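S.K.: Turn this into a model:
(one chain, ligands or ions: 1)
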Amino acid sequence: MHHVRPPSIITIDGPSGTGKSTVARLLAKRLGYFYLDTGAMYRSVGLKVVRNKIPWEDHSAIIKTARQAKIVFRFSRAGIQKIFLDGKDVTRALRRPEISEAASRVAVIPEVRTVMVSRQRAIGRQGRLVAEGRDIGTVVFPKAPLKIYLTASAAERARRRYEELKKAGHPLSYKEVLHQTRLRDRRDSRRAVSPLKPAKDAVRIDNSRLRLSEVFDTIESYI
Ligand code: DC
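M.R.: All right, here's what the predicted structure looks like:
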């Protein structure tokens, strides 16, 4: 992988539950790149909105919250990435199902996206970055030399999310998870600003039946 210089920014987009995070995290580790989890940024805003009990209709309060939220990525000694919101470790709290929902809700507000996108670009200026999200290849880094679009069937994605939630101690029925997956897909891909869609020059990989190593082989061949 290190024979040629890898692209300075690699974007990985796609719907939730495709294994995007695992792929992005591992790829960043292998290349010695920074892993930018943009979903965690929207989740942080969502968490802050929920904690401050701001009503979903109050867009101006949500936008203000987004502007004021201090979101910092830090590494533990074990090399695990932690997310700090206003100085507190929220890594685990961000994964709660109601925060997935909250993130998806705040992410439809154009001004919230503007704030997050400019922060993401500021981080991107340093280069050597694997950035994961929904609009990274289309909006945030449209000139990135390598763009991946990872997909998988809704049923497969819901199955994975169901297993993840069970392990994390948030048991929901598979049916409920599938329902939420479809709802979130619809909200993410039909919103007016930066809807989820592959960039024209993105490499599409369907992860429904591939093993992680096969996804890697494909990505490596493009690197
Ligand atoms: O990837 P994730 O599940 O952590 O993302 C949480 C929500 O944030 C998801 O519903 C869509 C939104 N999101 C977004 O709109 N744009 C991004 N670049 C990343 C996430």
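
S.K.: Around the ligand, pick out the residues from the chain.
M.R.: 16, 38-39, 42-43, 100, 103-104, 107, 133-136, 184, 188 (C-beta under 6 Å from any ligand atom). In short, each C-beta sits where N, CA and C put it, glycine included.

S.K.: For those, which two are the farthest from each other?
M.R.: 100 and 136 (18.3 Å; C-beta to C-beta).

S.K.: Counting neighbours, go ahead and name the busier of those two.
M.R.: Per other C-beta atoms under 10 Å, whichever of residue 100 and residue 136 has more neighbours is residue 136, with 30 against 21.

S.K.: which ones are touching that one?
M.R.: Shown in contact with residue 136 (C-beta atoms under 8 Å, 6 or more residues apart in numbering): 11, 12, 13, 38, 120, 144, 147.

S.K.: need the helices for this structure, in chain order.
M.R.: 20-31, 38-51, 59-68, 97-106, 110-124, 154-167, 174-190, 212-222 (DSSP state H).

S.K.: among those, which is the most enclosed?
M.R.: Most buried of those, by mean neighbour count (mean count of other C-beta atoms under 10 Å): helix 38-51, with a mean of 23.

S.K.: Return the set of buried residues in stretch 85-94.
M.R.: Neighbour-count burial for stretch 85-94, with 16 or more other C-beta atoms under 10 Å as criterion, is recorded at 85, 90, 91, 93, 94.

S.K.: Do you know the pLDDT at residue 22?
M.R.: Looking at residue 22, its pLDDT is 91.

S.K.: Excluding chain neighbours, what is closest to it?
M.R.: Nearest non-adjacent residue to residue 22, counting by C-beta to C-beta, 6 or more residues apart in numbering: residue 212, 6.7 Å away.

S.K.: Quick one: residues contacting the one you found.
M.R.: Contacts of residue 212 (C-beta under 8 Å, 6+ apart): 19, 22, 23, 26.

S.K.: I figured residue 34 hits residue 130, correct?
M.R.: Yes - assessed by C-beta atoms under 8 Å, residue 34 is found in contact with residue 130 at 7.4 Å.

S.K.: Narrow the contacts of residue 136 to those in strands?
M.R.: 11, 12, 13, 147 (DSSP state E).

S.K.: tell me which of those residues is nearest to the ligand?
M.R.: Distance to the ligand across these (C-beta to the nearest ligand atom) is lowest for residue 13, with 7.5 Å.

S.K.: Can you name the residues bridging to the closest one?
M.R.: residue 133, residue 149 (DSSP bridges).

S.K.: Can you tell me how far it is from residue 100?
M.R.: 17 Å (C-beta to C-beta, to the nearest Å).

S.K.: before we move on, what about residue 180?
M.R.: From residue 180 to residue 100 the distance is 8 Å (C-beta to C-beta).

S.K.: Check residue 184 too.
M.R.: From residue 184 over to residue 100 the distance is 7 Å, taken as C-beta to C-beta.

S.K.: Which residues are in contact with each of the two?
M.R.: Contacts common to residue 184 and residue 100, judged by C-beta under 8 Å, 6+ apart, are residue 16.

S.K.: In contact with residue 177, which residues?
M.R.: Contacts of residue 177 by C-beta under 8 Å, 6+ apart are 158, 161, 162, 165.

S.K.: For the ligand, see how far away it is.
M.R.: 13 Å (C-beta to the nearest ligand atom, to the nearest Å).
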